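**Student:** Got a predicted model here, sequence first, then my questions.
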Amino acid sequence: MRMTKPYKKWISVCLVSLLLVCLFHRFISQKIEFVAYSNGHLKIQDYVYHIILVKAFWFEGLGNIYGVHFQKQALSAYVGSPIYKVMPLGITPIALVVWFPFAYVARINMALSYTLWIAFSIGVLFTALWQIGRHVFQNKKLKLLPITLSFIVIFSATSFFAIFIGQTSLLAAGLLVHLLFFAFKKSDQSKSGNLVPILLLILILGIKPPYIALGLGMLIIYGMWREAFYSAAFVIIVLIGLTPMLSIEWIHSYLNLLQMYSQGNIPDVYAWSVVPHTMNIFRSAFRNFIGDNIASLISNVVTYSVYIGVVGFCLLSKIKCGLIDRLYPLKVTKAQLIILLIANYLLFAPYANGYEDLLIISVFAMVLLYGDTPPLINYKSLALIIIFCLIIHHDFFPPDKPLWLFWIFKAVILRYMFKFCRSHKGRKECTG
């Protein structure tokens, strides 16, 4: 039996991918020092820090991973010396499930665990972009500006260092693009046959609160209320199942951590790991002008108001589509509402490190599917490309850089992405 051409291509892709993963593993095994401790100073990669705690939870005794004592004990046992400074955990207990196989591999070899995590994250992102790219090419809706901006993100120094430290933002970007494409395909169908994949996507996005909020918001905007409800219920069931192992105390501890992120009251034990000048968000950009308390208050008010406003608008739209004309005087599309949610997070989140800007890939994917962009060789497009190059590399400028300027640049980019997805049909879309 002869092998068909598509199968040959997929086998070739798999073999090449496997070779690249092996080469990457060999490289990082020789070049990357995951943990360095000397004279009381600890230098540790983000992924390794988290996986040490996950490994301690599953294989070295159950407990509340959000407790400072648990974190110190797990880290001290791994390093072999007493550790008194730790990093705050922004991850939810869902990460314990997602990272379980990687923690198991880490018992054997940390470099292999890291390699598999990076391969998984990049694989999710590239398959998502491949799906959307194939759809765009098949329908001959080639838009070079969002494609160019996406390539700038993928091959940026920010992406490189996100890979280097094992950041979750790379995976989150891929998951959001996958979810976007599922929702896009469902928009012309009366029923969705993708419930199981969507449940898995939302579950993995549940590793951090902002990610799952964006994922559920995307489903709600597309009127996928059934999928949103089942996904949220599935995540809650998993959390309930983990609670006996974590102890009920995890809820109080985690809420305190979220409050710390939100209000900025960082205890000394965590303070060493928080670096506001690397975060291109409103709070970091304007704290020197209006004070951190006011900047934090504005960030929280805007973040929650926009999210609640968008979800409420979609709920009213579902009740009666005609209400849109009376509730919102301007044209608004589903694509614009999704970009608004992502922009709200990237601009006003009370706490988001610079690597979270990688989520802007999902905005470019949205524009690629829906947008009406100018030609690539155009003064506006070239200006946007130059500005975006500065934004995605803002973390590599000196610490005393005018961060407010980079924040304004990011707002300008997102404003244009929002504009490119406006409706050209002279009517508003019903999001229900």
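**Tutor:** Received it, and whenever you're ready, just let me know what you need.
**Student:** Tell me which residues touch residue 48, please.
**Tutor:** 34-35, 110, 114, 166 (Cβ atoms under 8 Å, 6 or more residues apart in numbering). For glycine as for every other residue, the C-beta is placed from the backbone atoms N, C-alpha and C.
**Student:** Tabulate those residues (CSV), appending distance to residue 250 and pLDDT.
**Tutor:** Listed next are the contacts of residue 48 as CSV, based on distance: Cβ to Cβ, whole Å; pLDDT from 0 to 100:
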residue, distance to residue 250, pLDDT
34, 26, 85
35, 25, 83
110, 25, 92
114, 26, 95
166, 23, 91
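**Student:** show me where pLDDT drops low in the protein?
**Tutor:** Low-confidence segments of the chain (pLDDT under 70): 1-7, 40, 62, 187-193, 264, 320-331, 423-432.
**Student:** Let me see the domain layout of it.
**Tutor:** The record's domain parsing of the chain by automatic domain parsing lists 18-110, 111-420.
**Student:** Reformat the ones you listed as a markdown table; add distance to residue 12.
**Tutor:** Listed next are those as a markdown table, based on distance: least, Cβ to Cβ, whole Å:
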| stretch | distance to residue 12 |
| --- | --- |
| domain 18-110 | 11 |
| domain 111-420 | 15 |
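**Student:** show me where this protein has strands.
**Tutor:** 35-38, 41-44 (DSSP state E).
**Student:** Which of the contacts of residue 48 fall in helices?
**Tutor:** 110, 114 (DSSP state H).
**Student:** Which one of the contacts of residue 48 sits in the busiest neighbourhood?
**Tutor:** residue 114 (27 neighbours; other Cβ atoms under 10 Å).
**Student:** Now do that residue against residue 59, distance only.
**Tutor:** 17 Å (Cβ to Cβ, to the nearest Å).
**Student:** about what we covered before: and the contacts of residue 48, which two are the farthest apart?
**Tutor:** Of all pairs drawn from the contacts of residue 48, the widest gap by Cβ to Cβ lies between 35 and 166 and measures 12.7 Å.
**Student:** What is the nearest of the contacts of residue 48 to residue 293?
**Tutor:** residue 166 (32.9 Å).
**Student:** Contact partners for the closest one?
**Tutor:** Residue 166 makes contacts with 45-48, 50, 114, 117-118, as judged by Cβ under 8 Å, 6+ apart.
**Student:** Adding distance to residue 283, write the strands of the chain out as TSV.
**Tutor:** As requested, the strands of the chain are exported to TSV (distance: least, Cβ to Cβ, whole Å):
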stretch	distance to residue 283
strand 35-38	31
strand 41-44	26
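**Student:** most packed of those?
**Tutor:** Comparing these by mean neighbour count (mean count of other Cβ atoms under 10 Å), strand 41-44 comes out on top with a mean of 15.
**Student:** Against which helices or strands is that strand packed?
**Tutor:** strand 35-38 (3 or more Cβ pairs under 8 Å, 6 or more residues apart in numbering; DSSP states H and E).
**Student:** what lines up beside the strand it packs on in the sheet?
**Tutor:** According to DSSP bridges, strand 35-38 forms sheet pairs with strand 41-44 (antiparallel).
**Student:** I'd like to know how many residues surround the spatially closest residue to residue 336 that is not a sequence neighbour.
**Tutor:** Spatially, and ignoring its direct neighbours in sequence, residue 336 is nearest to residue 421 (5.0 Å; Cβ to Cβ, 6 or more residues apart in numbering). Using other Cβ under 10 Å, residue 421 is surrounded by 23 other residues.
**Student:** and of the domains of the chain, who's closest to residue 9?
**Tutor:** Once those are compared by Cβ to Cβ, domain 111-420 is nearest, at 12.3 Å.
**Student:** Compute the first-to-last residue distance for the closest one.
**Tutor:** This stretch, domain 111-420, spans 43 Å end to end (Cα to Cα, to the nearest Å).
**Student:** for that domain, the distance to its chain's centre please.
**Tutor:** On the basis of Cα atoms, centre = their mean, to the nearest Å, domain 111-420 sits 5 Å off its chain's mean C-alpha point.
**Student:** Could you do stretch 51-66 as well?
**Tutor:** Counting by Cα atoms, centre = their mean, stretch 51-66 comes out at 24 Å from the chain centroid.
**Student:** got it, and stretch 18-25?
**Tutor:** 25 Å.
**Student:** I'd like the C-alpha coordinates of it written as PDB, please.
**Tutor:** Presented in PDB, the C-alpha positions along stretch 18-25 are these (Å, rounded to 0.1, in the frame of the first residue of the first chain):
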ATOM      1  CA  LEU A  18      11.700  15.700  16.400                       C
ATOM      2  CA  LEU A  19      15.200  16.500  15.200                       C
ATOM      3  CA  LEU A  20      14.900  20.100  16.100                       C
ATOM      4  CA  VAL A  21      13.600  19.200  19.600                       C
ATOM      5  CA  CYS A  22      16.600  16.800  20.100                       C
ATOM      6  CA  LEU A  23      19.100  19.500  19.000                       C
ATOM      7  CA  PHE A  24      17.400  22.100  21.200                       C
ATOM      8  CA  HIS A  25      17.600  19.700  24.200                       C
END
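**Student:** for that stretch, which positions count as buried?
**Tutor:** 21, 24-25 (16 or more other Cβ atoms under 10 Å).
**Student:** can you list contacts of it?
**Tutor:** 111-112, 115, 118-119.
**Student:** Mind doing that once more with 10 Å?
**Tutor:** Residues outside stretch 18-25 that contact it (Cβ atoms under 10 Å, 6 or more residues apart in numbering): 109, 111-112, 114-116, 118-119, 122-123, 163.
**Student:** Would you list the phi and psi of the residue lying closest to residue 352 once chain neighbours are set aside?
**Tutor:** Distance criterion Cβ to Cβ, 6+ apart; nearest residue to residue 352, sequence neighbours excluded, is residue 281 at 5.4 Å. Backbone torsions of residue 281, given as degrees, to the nearest 10, read phi -130, psi 170.
**Student:** And for residue 333?
**Tutor:** Residue torsions, per degrees, to the nearest 10, at residue 333 are phi -120, psi 170.
**Student:** how deep is it tucked in, by neighbour count?
**Tutor:** Residue 333, neighbours per other Cβ under 10 Å, totals 20.
**Student:** Tell me how far the residue lying closest to residue 263 once chain neighbours are set aside lies from residue 282.
**Tutor:** Closest residue to residue 263 apart from its sequence neighbours, by Cβ to Cβ, 6+ apart: residue 296 at 6.0 Å. Using Cβ to Cβ, residue 296 is found at 9 Å from residue 282.
**Student:** Quick check: neighbours shared by these two?
**Tutor:** Counting by Cβ under 10 Å, 6+ apart, the contacts common to residue 296 and residue 282 are 290, 350.
**Student:** out of these two, which sits in the busier spot?
**Tutor:** Set residue 296 next to residue 282 and count neighbours by other Cβ under 10 Å: residue 282 wins out with 23 against 20.
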